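K.L.:
need a structure here:
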Amino acid sequence: METVSTAWPAGLPLAAALLLAYLIGSLSFAVIISRGMGLADPRSYGSKNPGATNVLRSGNRAAALLTLAFDALKGYAPVLLCLVYGPRVGLGETAAAFVGLAAFVGHLWPVFFRFHGGKGVATAAGVLMAWNPGLGLATLLSFAIVVLFMRYVSLGAIIAAAFAPFYQALIWGLEPGLLAMGVMSLLLIWRHEDNIRKLLAGTESRLGHKPAAAPPAGNPARPRKHRKGH
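P.N.:
Numbers count the residues shown, from 1 in each chain. Below you'll find the model as predicted:
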């Protein structure tokens, strides 16, 4: 993995890159695509998580695939742009790692959607693929193996996130950007807190099972009002 600069860069270019990455990460494509395709808001059904897995519960595979692709892209693009154009203003691989973390944080707490974001699996994958393709592939392979044999998407995400920093340290060495990758992994695992509880209780949904279907678009469930005298 070629190194442009391993020294921690400071100043306005870095602050601007971090802010832009956060704003890009704040684009909740699960909500945007669902609205554009006339589907119910993914925050109103299923796990209420604005991510591709929950969008799939709407029954619209195209919407889920688009959500997955764009969520990954918003993690991939800021990091790649920083790696390609960053050296001109003194930003190297370390800065790119923290730019990826900023995009990931934007997905978790999007400023445009009242800070109600997703769990960040696709966005984290995009960040890793841009920052270190080998690390991204190793992490995705771990995810795929767990899902294939255990049929738990959440478990695959948790294990892949836990292994990612160790892959980086053992195979590619202790680089400064490892700190950003470690923080991202910890946040991703923390966002799966409910899934971890369900896994321990044996109530977590396996791949292909739909625990809660999406309501029709434009018809959110409302509590019934009881009339007086009846």
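K.L.:
Check the gap between the residue nearest in space to the middle of the chain and Gly177 for me.
P.N.:
The chain has Gly120 as the residue nearest its centroid, 1.7 Å off, counting by CA atoms, centre = their mean. As judged by CB to CB, to the nearest Å, Gly120 and Gly177 stand 18 Å apart. Heads up, the C-betas are built off the backbone N, CA and C, glycines and all.
K.L.:
Low-confidence regions, the chain specifically.
P.N.:
Along the chain, the model assigns pLDDT under 70 to residues 1-10, 208-230.
K.L.:
quick one, helices of it?
P.N.:
12-25, 29-36, 52-56, 61-85, 93-108, 121-131, 133-150, 153-167, 178-191, 193-201 (DSSP state H).
K.L.:
Take those and lay them out in a markdown table including mean neighbour count.
P.N.:
Shown next, in a markdown table, are the helices of the chain (neighbours: other CB atoms under 10 Å):
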| stretch | mean neighbour count |
| --- | --- |
| helix 12-25 | 18 |
| helix 29-36 | 21 |
| helix 52-56 | 25 |
| helix 61-85 | 20 |
| helix 93-108 | 27 |
| helix 121-131 | 28 |
| helix 133-150 | 16 |
| helix 153-167 | 21 |
| helix 178-191 | 19 |
| helix 193-201 | 13 |
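K.L.:
any chance of these in TSV, plus distance to Arg43?
P.N.:
Putting the helices of the chain into TSV (distance: least, CB to CB, whole Å) gives the following:
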stretch	distance to Arg43
helix 12-25	17
helix 29-36	7
helix 52-56	8
helix 61-85	13
helix 93-108	14
helix 121-131	17
helix 133-150	24
helix 153-167	18
helix 178-191	15
helix 193-201	15
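K.L.:
Quick one: closest of the ones you listed to Phe115.
P.N.:
Among these, the nearest to Phe115 by CB to CB is helix 93-108 (8.5 Å).
K.L.:
give me phi/psi at the residue nearest to the centre of the chain?
P.N.:
Taking degrees, to the nearest 10, you get phi 90, psi 10 for the backbone angles of Gly120.
K.L.:
now it: how far from Ala201?
P.N.:
23 Å.
K.L.:
now swap in Gly25 and tell me
P.N.:
If you go by CB to CB, the gap between Gly25 and Ala201 works out to 32 Å.
K.L.:
any residues touching stretch 103-120, and which ones?
P.N.:
Contacts to stretch 103-120, defined as CB atoms under 8 Å, 6 or more residues apart in numbering, come from residues 21-28, 30-31, 43, 49-51, 71, 74-75, 78-79, 123-124, 127, 157, 184, 187-188, 191-192.
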